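S.K.: fold the following, please.
(chains A and B)
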Protein chains: 2
Amino acid sequence: MRFLAEIDIMPHKELLDPQGKTVALNLKNIDVHDVKDVRIGKHIEMTLDAADANEAESKVDLACKKLLSNVIMETYSFTIKSI
Amino acid sequence: MRFLAEIDIMPHKELLDPQGKTVALNLKNIDVHDVKDVRIGKHIEMTLDAADANEAESKVDLACKKLLSNVIMETYSFTIKSI
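M.R.: Numbering: from 1, shown residues only, chains lettered A, B, ... in the order given. From the prediction side, this is the model:
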């Protein structure tokens, strides 16, 4: 079966996100006001084959832990759907 | 009212995503097999104040068009919820 995993990798809430802060500060220059916070991370779409949803989930989890995210500085979350 | 916008910005489907291709090729080195495609974009969480959901939506849309995404090479989508 083929699955599509949608993965979000974000900087830990406790950590400063300088890229997000810069964007938040500059949004008023394009007339977007009242923005309180911006945090910028990665969105990854992975298409993969697996026997079932459980196997797909453990593959994506392994990929997140060992390659896609830096678990010291980032958190990850994902959803999987069959396609 | 305060809103949280979750924005995904992805490279256009027609465009090569070299970062994603590299990740897809290297996943087998950490024993994650049968990955067919990986595409990498940005995930942005924006907290903002607005009078109502419609105003929040138009603010986020403007921010995406004029600052957050490059509409020539990227597509964006977002969801908004009241917090």
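S.K.: near chain B, which residues of chain A are found?
M.R.: Chain A comes close to chain B at residues A:2, A:8-10, A:20, A:23-24, A:26-27, A:30-32, A:34-50, A:59, A:62-63, A:66-68, as judged by C-beta under 8 Å from any C-beta of the partner chain. Any C-beta I mention is one placed from the backbone N, CA and C, and that applies to glycine too.
S.K.: I'd assumed residue A:3 was in a strand, is it?
M.R.: Yes: counting by DSSP: H, G, I helix; E, B strand; the rest coil, residue A:3 is found in a strand.
S.K.: mind checking pLDDT for the closest residue to it other than its chain neighbours?
M.R.: Computed as C-beta to C-beta, 6 or more residues apart in numbering or on different chains, the closest residue to residue A:3 that is not its neighbour in sequence is residue A:56, at 4.2 Å. Note on residue A:56: pLDDT of 96.
S.K.: and residue A:56, what does it touch?
M.R.: Residue A:56 sits next to A:1, A:3, A:5, A:48, A:50, A:80 when contact means C-beta atoms under 8 Å, 6 or more residues apart in numbering or on different chains.
S.K.: derive a PyMOL selection command for the buried subset of the residues you listed.
M.R.: Of those, the buried ones go into a single PyMOL selection, burial set by 16 or more other C-beta atoms under 10 Å in any protein chain shown:
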select buried, chain A and resi 3+5+48+50+80
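S.K.: what about the residue lying closest to residue A:41 once chain neighbours are set aside, which helix or strand?
M.R.: Leaving aside its chain neighbours, residue A:41 sits nearest to residue A:10 (3.7 Å; criterion: C-beta to C-beta, 6+ apart). Under the criterion of DSSP states H and E, residue A:10 resides in strand A:2-11.
S.K.: how about the strands in chain A?
M.R.: Ranges of strands in chain A, per DSSP state E, are A:2-11, A:35-49, A:74-82.
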